[in-house]
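# Any chance you could fold what I've pasted below:
(2 chains)
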Amino acid sequence: MAANSTKTMIIKNGYLFDPLNAIDGEVKDIFIREGKVVSSLSGPEAKDATVIDARGKTVMPGGVDAHSHVAGTKVNAGRLMRPEDHYKSVRKKTDITHSGSGYTVPSVYKQGYDYAAMGYTTVFEAAMPPLEARHTHEEMRATPILDMGAYMVFGNNWFVMRYLKDGDIEKAAAYVAWMMRTHKAYGIKCVNPAGVENWGWAKNVKGLDEPNIHFEVTSREIIRGLAEVNELLGLPMSLHLHANNLGHPGNWETARDSLMITSSLEPNSKTELEWAQTRESAKRKQTVYLAHAQFNSYGGSSWRDFCSGAPDLAKYINQTENVVIDSGSVPFGPATTMTGDGPAQHDLYMLTGQKWSNCDIEMECGSGVLSLMYLKSSPVHATMWAIGLEVLLLIDDPWKTIMTTDHPNGGLFSQYPQVIAWLMSKRARDDTAKECHKWAYDKSSLGGVDREMSLYDIAILTRANSARTIGMAHRKGHLGVGADGDVTIYDIDPGDLNVNDPSYIVSRFSRPDLTIKDGQIVARKGEIVYVPEGRRYYCQPHMDEDVEKEMMRDVRDWFKYYTVGFANYPVPDKYLKNPVPIPVNMPMEAVVRR
Amino acid sequence: MAEIKLVPRGKIGITVEAEVIRPDLIAGKTKEQIEELLVWQGPKELPLSQFFEVDIQGNGGSPEETKIIIDGDVSRVKRIGQGMNSGMIEILGPAGMYTGAEMTGGKILVRGDAGSWSGMELKGGLLQISGNAGDHVGSAYRGSWRGMTGGQIIIQGDARSQLGGGLAGGSITVEGNVENFCAIRQAGGLLIIKGNAVRGLGAEMSGGTVVILGEVKNFSPGFVHQGIEINPKIGEIELEGRFARFMGDYAAGKNPKGMLYSRMAQEVGE
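Sure thing, here's the model as predicted:
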């Protein structure tokens, strides 16, 4: 069912926004051969190519979502506990697409189609518990079109905590390496380190230096230890942190102090990859990537004196070079919160009384799910809306920020265009603030922020920097020679773009003219026209074999505590379609031999 | 004024989903146009004429002046009048599930029994059922906690379980008995039960009013007795007799505002 089997294409005359190649709206043709960007096509190749005239339109690399909850057990729990989320949001089957349903938590098919229709071609699942890796891979395998990968949750893992308590970084690294290979994981996620383990005893941790129950290891030690493991192995992405105290007033200080922990480390990516050409460095600069900063940028000391802590957090991030954040913005409306942070979900339940679920995942982590409606009339929600934009607008360097809604926690990925409209227009923000509870501007600095992002900035926040931060810029997030032929063409003429018309921005970003993946058109004006199978990226980190042997003895010793047999623990290869393993930290001999 | 008569052509096997049968949608259409309206039966979309003979008396007219008469048993036809905002439907026989669900205005008269989920999330208008009603009538959709927000449902027979689940506005009256968990999660509005209830009446209620004239087999434990009222007045409605007034449901919240009036049995000699 190939749209054009050659995967060869010329996109002519468009205004190109490709920040990793420092191209800011220049009219430039793009050539794609066999799905990859090339500098030119030969005569006969050009004759066979699909030619797209993008005159007067905005051309960007395909969108890259660095943090979204789209696959796995908690996502499915969200679907199961919310039938009311499904019956009014249905997608009809077509000759080439499946039916689907779900508004805040769509079914896997609908999710894939909706992302592609919005111009995104790459989406990374933000939290995969090891025991639920099979389920996560099953859902990713069933998700059409998108290239995907998943970050594995390590922040409350018994083995990690035990090794870090012993100060044995090498063994911790060997364990993480083995786990990533075993479960086909892409990066290290750390959720409320030390706190989720305490939640097994109905407790949490308050500060970074509170030793947790039994393991007596602190959040600080876990963050530092996992970041060291990350750089020792040389993973493509840095440590991805869901900080402690999430959702609590006054937590911006916890966030800042957590980000300081890794400031003395050097980013060290040791991958054997072919890198597509870029003008700017495509390698990550950060040693910590903070997830959904909005939920961790709260000031005040209670919900009574709650206010934004974003200006303070942004001030720190503006002074440092080793941090990237994603926003977790709140665009209002229905949402389903889902995290590995069980105690945070319980707090949210106590606050809202909404239906919820909570889960303990044996020796590894936990999770929780809750249904929620963000209202403009709610003082706290209105302030959260402001904070979710402040964290992007107050950090001066766009290369330190990524736009997300922490889908479906702060809002939905389908609401990204609405967030873009607010980032691009002060007027759009002012208009919304007028409809909100007065806390929106009274309790934040957003009303005084004049910054309006350009299309170039938006391209950084939605593809270039998300790809670079997670270590995918060797092929994603830009259109340099050698990059994947993933392109989004928006019906926006940058010359006469009126940023003060939010409905125009929302409609144009919601329904791009074309979404192109690997040189083939997959969506046209929101309609799916071709359904390729995406790739699944994961890392295969190598570690010293002797250390690994010792580590495996510990694993086998404690495996008696698991409810699954050791042989059933790994994710078999057949769970992945189009797997793309990324070798990491290969010994010199292996590299030379190749 | 147009009167559209739909006569079922016989027994229906797999249930038919006929949300196209609504006066505001049919108003002004010709017989042929009505016959061509599409309904779902299982995976197939079929014309309405496959299931109904269509006859029109009078012509044109606004939706308000349009009346649909369904002459026969449509217990295997779902979603009649779903979402309608004006006009009238009279069903001379039993009606299927979701009859009048989500309607915002107009009137539906069912001269027989009505299926489960009838009047689901009603927003306005009147749904009158002269027979018995199934489960979840006038209730919130599965998973939702916000049910009917306006309008009126009158059931002249009995209703089964979860009547008025998540009721937030409007009123429901049942002449007969109800079963389990009626008015569950009620947050507003008024539910009057003239017969008996089994158990779970008003469970997790946070607001609104429930009145029961008959007996409750197992009274919800989270309700607190507040006193006795004689001929209490609830809004416009005046009740007759001695009522015990309760507030709840304290099992679900710290400060619930749900009111439950239960008529007291008459004492000997009174």
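
# Near chain A, which residues of the stretch 101-250 of chain B are found?
For the stretch 101-250 of chain B, the residues in contact with chain A (C-beta under 8 Å from any C-beta of the partner chain) are B:Ala140, B:Tyr141, B:Arg142, B:Gly143, B:Ser144, B:Trp145. Quick note: C-beta positions are derived from backbone N, CA and C, even for glycine.

# Checking my notes, the first one in a strand, right?
So that's B:Ala140. No - applying DSSP: H, G, I helix; E, B strand; the rest coil, one finds B:Ala140 to be coil, outside a strand.

# give me every residue that touches it.
Neighbouring residues of B:Ala140 by C-beta atoms under 8 Å, 6 or more residues apart in numbering or on different chains: A:Glu84, B:Met120, B:Glu121, B:Arg146, B:Gly147, B:Met148, B:Gly165, B:Gly166, B:Arg185.

# now the fourth one
Contact criterion C-beta under 8 Å, 6+ apart gives A:Met81, A:Arg82, A:Pro83, A:Glu84, A:Asp85 as the residues in contact with B:Gly143.

# Let me know how buried the second one is, in neighbour terms.
Close neighbours of A:Arg82, defined as other C-beta atoms under 10 Å in any protein chain shown, add up to 21.

# Can you spell out the domain ranges of chain B, please?
Following automatic domain parsing, one gets these domains for chain B: B:1-83, B:113-270.

# Rounded mean pLDDT for the last one, please.
Which is domain B:113-270. Domain B:113-270 shows an average pLDDT of 95 in the prediction.

# try the first one
In this model, domain B:1-83 carries a mean pLDDT of 95.

# Just the endpoints, please. Distance across that domain?
Start-to-end span of domain B:1-83 (C-alpha to C-alpha, to the nearest Å) is 21 Å.

# now stretch B:50-68
OK, stretch B:50-68 end separation, C-alpha to C-alpha: 18 Å.

# how about that stretch: buried residues?
B:Phe51, B:Phe52, B:Val54, B:Gly61, B:Pro63, B:Glu64, B:Glu65, B:Thr66, B:Lys67, B:Ile68 (16 or more other C-beta atoms under 10 Å in any protein chain shown).

# Secondary structure element holding the residue nearest to A:Asn296 when sequence neighbours are not counted?
Of all residues not flanking A:Asn296 in the chain, A:Ala255 sits nearest, at 4.1 Å (C-beta to C-beta, 6 or more residues apart in numbering or on different chains). Using DSSP states H and E, A:Ala255 sits in helix A:252-260.

# partners of the following helix or strand past that helix in the sheet?
The helix or strand immediately downstream of helix A:252-260 is strand A:288-290, counting by DSSP H and E. Here strand A:288-290 has these sheet partners by DSSP bridges: strand A:239-242 (parallel), strand A:323-326 (parallel).

# wait, A:Asn251 sits on A:Gly309?
Yes - counting by C-beta atoms under 8 Å, A:Asn251 does reach A:Gly309; the two are 7.2 Å apart.

# Tell me which of these two has more neighbours.
Using other C-beta under 10 Å, the more surrounded residue of A:Asn251 and A:Gly309 is A:Gly309, with 25 against 22.

# for A:Pro249, phi and psi?
phi -50, psi 140 (degrees, to the nearest 10).

# separation between the nearest residue to it once chain neighbours are set aside and A:Met350?
In space, A:Pro249 comes closest to A:Gly300 once its chain neighbours are excluded; the distance is 4.3 Å by C-beta to C-beta, 6+ apart. Distance, A:Gly300 to A:Met350, by C-beta to C-beta, to the nearest Å: 18 Å.

# neighbour count winner among those two?
A:Gly300 (18 against 9).

# Can you show me the helices along the stretch 101-250 of chain A?
A:108-117, A:133-142, A:158-165, A:169-183, A:195-199, A:219-233 (DSSP state H, counting those that start in this stretch).

# quick one: average pLDDT of the helix or strand hosting A:Ala459?
Using DSSP H and E, A:Ala459 sits within helix A:455-459. On average, the pLDDT along helix A:455-459 is 98.

# Please apply the same query to stretch A:174-186.
On average, stretch A:174-186 scores 98.

# Can you show me the CA trace of it as CSV?
Presented in CSV, the C-alpha positions along stretch A:174-186 are these (Å, rounded to 0.1, in the frame of the first residue of the first chain):
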residue,chain,number,x,y,z
ALA,A,174,26.0,-3.1,34.9
TYR,A,175,22.5,-3.6,36.2
VAL,A,176,21.0,-0.7,34.3
ALA,A,177,22.8,-1.8,31.1
TRP,A,178,21.5,-5.4,31.5
MET,A,179,18.0,-4.1,32.2
MET,A,180,18.0,-1.8,29.2
ARG,A,181,19.1,-4.7,26.9
THR,A,182,16.7,-7.1,28.5
HIS,A,183,13.6,-4.9,28.3
LYS,A,184,14.6,-3.0,25.1
ALA,A,185,14.5,0.4,26.9
TYR,A,186,15.9,3.7,25.4
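
# Give the intersection of the neighbour lists for A:Asn251 and A:Gly309.
Residues touching both A:Asn251 and A:Gly309 (C-beta under 8 Å, 6+ apart) are A:Ser297, A:Tyr298.

# Mind listing what's buried along stretch A:39-51?
A:Leu41, A:Glu45, A:Ala49, A:Thr50.

# And stretch B:142-162, by the same measure?
B:144-162.

# Okay, and which of those map to helices?
Residues of the buried residues of stretch B:142-162 located in helices (DSSP state H): none.

# out of those, which are inside strands?
Judged by DSSP state E, the subset of the buried residues of stretch B:142-162 located in strands is B:Gln152, B:Ile153, B:Ile154, B:Ile155.

# List, one by one, the residues from the stretch 51-200 of chain A near chain B.
Proximity of the stretch 51-200 of chain A to chain B, by C-beta under 8 Å from any C-beta, involves residues A:Met81, A:Arg82, A:Pro83, A:Glu84, A:Asp85, A:Tyr87.

# So the fourth one: helix, strand or coil?
Here A:Glu84 takes the helix state, with states given by three-state DSSP.

# how much space is there between it and B:Gly188?
Remark: distance between A:Glu84 and B:Gly188 (C-beta to C-beta) = 18 Å.

# can you check A:Val531 too?
Counting by C-beta to C-beta, the gap from A:Val531 to B:Gly188 is 46 Å.

# Quick check: pLDDT value at the residue nearest to the spatial centre of chain A.
The centroid of chain A falls nearest to A:His67 when counting by C-alpha atoms, centre = their mean (1.4 Å). According to the prediction, A:His67 has pLDDT 98.

# just to revisit the earlier point, show me what the helix holding A:Ala459 is packed against.
strand A:15-18, strand A:23-27, strand A:58-61, helix A:416-424 (3 or more C-beta pairs under 8 Å, 6 or more residues apart in numbering or on different chains; DSSP states H and E).

# Show me how far the second one is from its chain's centre.
The gap between where strand A:23-27 is centred and where its chain is centred comes out at 26 Å by C-alpha atoms, centre = their mean, to the nearest Å.

# hey, C-alpha coordinates of that strand in PDB?
C-alpha atoms of strand A:23-27 as PDB (Å, rounded to 0.1, in the frame of the first residue of the first chain):
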ATOM      1  CA  ILE A  23      17.900  27.800   8.800                       C
ATOM      2  CA  ASP A  24      15.400  30.400   9.800                       C
ATOM      3  CA  GLY A  25      12.700  30.600   7.300                       C
ATOM      4  CA  GLU A  26      14.900  30.600   4.100                       C
ATOM      5  CA  VAL A  27      13.300  29.400   0.900                       C
END
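
# Downstream of it, the next helix or strand is which one?
Using DSSP H and E, the first helix or strand after strand A:23-27 is strand A:30-33.

# what does that following strand contact?
Under the contact criterion C-beta under 8 Å, 6+ apart, strand A:30-33 has outside partners A:7-11, A:14, A:16, A:37-41, A:45, A:49, A:59, A:479, A:485, A:487, A:516, A:519.

# how does it look with 10 Å?
Residues from elsewhere that reach strand A:30-33, judged by C-beta atoms under 10 Å, 6 or more residues apart in numbering or on different chains: A:6-12, A:14, A:16, A:18, A:37-42, A:45-46, A:49-50, A:52, A:54, A:59, A:61, A:479, A:481, A:483-487, A:489, A:516, A:518-520.
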